[in-house]
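Trainee: When you get a sec, could you give me coordinates for this:
(chains A and B)
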Amino acid sequence: MTKLDIFLWIILPYISITIFILGHIYRYNTDQFGWTAKSSEFLEKKRLRFGSTVFHWGIIFVFFGHVAGLLIPKLWFDVLGITDDMYHFGAIWFGGLAGLAVVIGGFFLFLRRVAVKRIVKNSSVSDYVALIMLGIVVLVGFTNTAGYTATGGDFDYRVTIGPWLREILTLQPSQGMVLAMAQAPIGFQLHVSLAFVLFAIWPFTRLVHVFSLPLKYLTRNYVVYRNQKPYHKAKVAQKKEIN
Amino acid sequence: MKIKAQFGMVMNLDKCIGCHTCSVTCSNTWTNRPGTEYMYWNNVETKPGVGYPKEWENNDEKKGGWHLKNGKLELKAGGKFSKLINIFYNKDMVEIDDYYEPWTYEYENLVNSPEKDHQPVARPKSQLTGEYMDITWGPNWEDDLAGVHETGKNDPNMRNLDEQIKFEFEETFMMYLPRICEHCQNPSCVSSCPSGAMYKREEDGIVLVDQDSCRSWRFCMSGCPYKKVYFNWKTNKAEKCTFCFPRIENGQPTICSETCVGRLRYIGIVLYDADKVLEAASVEDEKDLYEAQLGTFLDPFDPVIQKEAVKQGIPEDWIEAAQRSPVYKLAVEQKIALPLHPEYRTMPMVWYIPPLSPFMNALGGQVDSLSPDVIFPTISQFRIPIDYLASLFTAGDTDVIKKVLRKLVAMRTYMRSVQLNKPFDKSILEAADMTEEVAEEMYKLSAIAKYEDRYVIPKSHREDSGDMFSHQGNAGFEFMEACRSCMGGSSEADPLEYYESGFWRELDESSPKGV
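Mentor: Predicted structure coming up:
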């Protein structure tokens, strides 16, 4: 276990996770006004349609794919009777397709951001950094699926990266899993370490909008009212009235 | 019964001269910041025309407002689930070009140009890209029918008219339509906002955007059938007419009303039953929507209503203001003000007294000693077609428009006879369903239009609002731009930065820019 291994597979993840969590808390508390999806549809619509739709739907499936592949232990699949072959078929075809959607959609979004004058002029540095970092992580990840796993590579991330990540997240990293990471193919190593770099810059970019997915909308009333009286005072007044 | 107070506005279109003072003062007050320069929260359109943004009334295509789906009220663009599914791309949203691409002029060139044979010019430059541009559309492009022989064909209100004829020179007609946010009783923008950033104020019905909660999902823009929610392309947040709430709370009229040279705007409150709104907005026939909306308003003179209102926490001075409200008088009592496009089912609260067209002309100057048989048929001959007005204000019901115009004509002829001491055929008033007192009152309110009659604005009860400090940052635009340092900075920083304290400051103080 070299110092680099310790840095990449223990220190970097923890630094990154710390920045990710504290960064979001800090940003949420200090910069509500800047916390947006930064939609540029108002300035340019035609080229956004394909890129945005394909990219976003793709990345939602990719996210759930990662949950299934990394956070859910392999044992669970075995218990459910999902064989390795079945899993790999799904991972390669569904994962591959979702990955392809992200790559293509992201490429369209990238082209739009560098080619459409109005968008270029209204892009911040953080927009480019987020887009490029995300692009690299996605490209490397897609290459792993399409170029390694799908062509019969025998590295199984479900018994290496998966347990390692779960150990990191449960605050009990072990030497064995760090060694397993150190011996992983370079493509997987790159994908994982770059992803942690991306998580570290995440809270300071537009990517925060992921956490604002307005699911609450589904259950609330259509028309929202706000009262000038502070909430607790209004409640007290109401109670008094009832009594 | 859930009694709510709601601010409303009435505009008397007969008096609008299309001077745009309202738009300019509004813009100077609210939208002189980067990213808002294309916005006119108040704009004055010449009708017929496609308007601002282009074809905003074409909601078959733009999907603003509500419609009935299997007898139930639903957002025209689709319900909550469909909104979340389509959150990555809103196909119904208008683009900035539908308003216009904002520009400025290269004024420095006028000063800095070296001596030449020709006068230096200030070329137009896009405020979006900073590049030279050709101006092909702008705010108010159709002013006084400019180009409307072309664009007017796309005015949805012309659908039922013989447009060929109406765009012939001899047949042309026009009117001005000043527009602000309608502060609807059943706002579809608020209902379309997935993050709950838009809200209606419980106390006075003013619809606002919480700048801190807005997440740039932009469904409010397409959800509003009047296209009165705007997108700040610099801050990526929605912004809209605030009904000048800081002024209103202090009993002052909105800036557009205050500065209106025609004195055509009226502001007041109405009391309405919030429990009735959904039912009223869901009536089957679009033509019944106007009456249904009137049905939600409560009579502030009814002691039962008054008692219940006090019980529900409406301040007594507000009930009194509701009694003196010009909006209540014009819309409910006199029934001469009509809502704009009631068929959108949002129950708008800016109402309009339809214009009479050149009145003396239509009667051939023979306005004295007329009988109802002569005077009322002429209404159908007015220059502005009844069908056109009906398309704007009554979902196509020409009878309502005729009734209103009849009242306006009857009031005028009656007052003329009074002023000139001439004999008057009282059956004119009767035919218009009016009494002399009503005509007199209508005259006072619409022609004399005293300041204190036009604006009956009860102050907000700040003593009820408790800890006002907690409201800081909930509304208003003083913070201007997103946190720059944590966003990595925008590639092109403005030379001027707005500070929370309200002062402008040169960003780079070491090298001050030329004036």
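Trainee: Work out for me the element residue B:306 sits within.
Mentor: Per DSSP states H and E, residue B:306 falls inside helix B:303-311.
Trainee: Counting by contacts, list what that helix packs against.
Mentor: Applying 3 or more CB pairs under 8 Å, 6 or more residues apart in numbering or on different chains; DSSP states H and E, we find helix B:303-311 packed against strand B:3-12, helix B:316-324. Any C-beta I mention is one placed from the backbone N, CA and C, and that applies to glycine too.
Trainee: Report the buried residues of the last one.
Mentor: What it means is helix B:316-324. B:318-319, B:321-323 (16 or more other CB atoms under 10 Å in any protein chain shown).
Trainee: which stretch among the helices and strands packed on helix B:303-311 comes nearest residue B:343?
Mentor: strand B:3-12 (18.8 Å; CB to CB).
Trainee: what about that closest one, average pLDDT?
Mentor: What strand B:3-12 shows for mean pLDDT is 97.
Trainee: ditto for stretch A:14-30
Mentor: pLDDT averaged over stretch A:14-30 gives 97.
Trainee: Can I get that stretch as PDB, trimmed to CA atoms?
Mentor: Extracted in PDB, the C-alpha atoms of stretch A:14-30 (Å, rounded to 0.1, in the frame of the first residue of the first chain):
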ATOM      1  CA  TYR A  14     -13.000  11.800   2.800                       C
ATOM      2  CA  ILE A  15     -11.800  15.200   1.900                       C
ATOM      3  CA  SER A  16     -14.300  15.200  -1.000                       C
ATOM      4  CA  ILE A  17     -17.200  13.900   1.000                       C
ATOM      5  CA  THR A  18     -16.500  16.500   3.700                       C
ATOM      6  CA  ILE A  19     -16.400  19.400   1.200                       C
ATOM      7  CA  PHE A  20     -19.500  17.900  -0.500                       C
ATOM      8  CA  ILE A  21     -21.600  17.900   2.700                       C
ATOM      9  CA  LEU A  22     -20.200  21.100   4.400                       C
ATOM     10  CA  GLY A  23     -20.200  22.900   1.000                       C
ATOM     11  CA  HIS A  24     -23.800  22.200   0.400                       C
ATOM     12  CA  ILE A  25     -24.800  23.300   3.900                       C
ATOM     13  CA  TYR A  26     -22.700  26.400   3.600                       C
ATOM     14  CA  ARG A  27     -24.100  27.300   0.200                       C
ATOM     15  CA  TYR A  28     -27.600  26.500   1.100                       C
ATOM     16  CA  ASN A  29     -27.400  28.800   4.100                       C
ATOM     17  CA  THR A  30     -25.600  31.700   2.500                       C
END
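Trainee: Briefly note if the helix or strand where residue B:238 lies comes near chain A.
Mentor: Assigned by DSSP H and E, residue B:238 falls within strand B:237-240. Yes: under the criterion of CB under 8 Å from any CB of the partner chain, chain A is reached by strand B:237-240 at residue B:237.
Trainee: Please state the offset of that strand from the chain centre?
Mentor: 16 Å (CA atoms, centre = their mean, to the nearest Å).
Trainee: Neighbouring strands - and their directions - for it?
Mentor: The strands that strand B:237-240 pairs with in its sheet are strand B:229-232 (antiparallel) (by DSSP bridges).
Trainee: Residue B:70: neighbour count?
Mentor: For residue B:70, the neighbour count with other CB atoms under 10 Å in any protein chain shown is 5.
Trainee: Ramachandran angles for it?
Mentor: Main-chain torsions, residue B:70, degrees, to the nearest 10: phi 50, psi 40.
Trainee: Quick check: closest non-adjacent residue to residue B:334.
Mentor: residue B:442 (5.5 Å; CB to CB, 6 or more residues apart in numbering or on different chains).
Trainee: got the contact list for the one you found?
Mentor: Counting by CB atoms under 8 Å, 6 or more residues apart in numbering or on different chains, residue B:442 touches B:334, B:336, B:407, B:411, B:434.
Trainee: these two touch, right, the first one and residue B:407?
Mentor: Pointing back at residue B:334 there. Yes: shown here, residue B:334 and residue B:407 form a contact pair, counting by CB atoms under 8 Å, at 7.2 Å.
Trainee: Touching, residue A:92 and residue A:149? I think so.
Mentor: Yes: counting by CB under 8 Å, residue A:92 touches residue A:149, with 6.2 Å between them.
Trainee: Looking at these two, which one has more neighbours?
Mentor: Neighbours per residue (other CB under 10 Å) separate residue A:92 from residue A:149, with residue A:149 holding more: 21 against 16.
Trainee: per-residue confidence for the more buried one?
Mentor: With respect to pLDDT, residue A:149 has a value of 84.
Trainee: Now do whichever strand or helix holds residue A:199, average pLDDT.
Mentor: In this assignment (DSSP H and E), residue A:199 forms part of helix A:186-201. What helix A:186-201 shows for mean pLDDT is 97.
Trainee: now swap in stretch B:62-78 and tell me
Mentor: For stretch B:62-78, the per-residue pLDDT averages 95.
Trainee: Other residues contacting it?
Mentor: Contacts with stretch B:62-78, where a contact means CB under 8 Å, 6+ apart, come from A:222, B:55-56, B:59, B:83, B:86, B:92, B:94, B:186, B:188, B:191-192, B:219, B:222-227, B:278, B:281-282, B:284, B:344-346.
Trainee: how about the helices in chain A?
Mentor: A:3-6, A:12-30, A:46-66, A:74-80, A:84-90, A:96-115, A:117-121, A:125-143, A:161-169, A:175-182, A:186-201, A:231-242 (DSSP state H).
Trainee: Would you convert these into JSON lines that also reports distance to residue B:251 and mean neighbour count?
Mentor: Formatted as JSON lines, the helices of chain A follow (distance: least, CB to CB, whole Å; neighbours: other CB atoms under 10 Å in any protein chain shown):
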{"stretch": "helix A:3-6", "distance to residue B:251": "69", "mean neighbour count": "12"}
{"stretch": "helix A:12-30", "distance to residue B:251": "36", "mean neighbour count": "15"}
{"stretch": "helix A:46-66", "distance to residue B:251": "45", "mean neighbour count": "17"}
{"stretch": "helix A:74-80", "distance to residue B:251": "66", "mean neighbour count": "12"}
{"stretch": "helix A:84-90", "distance to residue B:251": "67", "mean neighbour count": "13"}
{"stretch": "helix A:96-115", "distance to residue B:251": "49", "mean neighbour count": "18"}
{"stretch": "helix A:117-121", "distance to residue B:251": "43", "mean neighbour count": "17"}
{"stretch": "helix A:125-143", "distance to residue B:251": "45", "mean neighbour count": "19"}
{"stretch": "helix A:161-169", "distance to residue B:251": "58", "mean neighbour count": "19"}
{"stretch": "helix A:175-182", "distance to residue B:251": "69", "mean neighbour count": "17"}
{"stretch": "helix A:186-201", "distance to residue B:251": "50", "mean neighbour count": "19"}
{"stretch": "helix A:231-242", "distance to residue B:251": "24", "mean neighbour count": "11"}
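Trainee: Helices of the stretch 51-200 of chain B, residue ranges please.
Mentor: B:59-62, B:80-85, B:96-99, B:108-112, B:148-151, B:163-166, B:188-192 (DSSP state H, counting those that start in this stretch).
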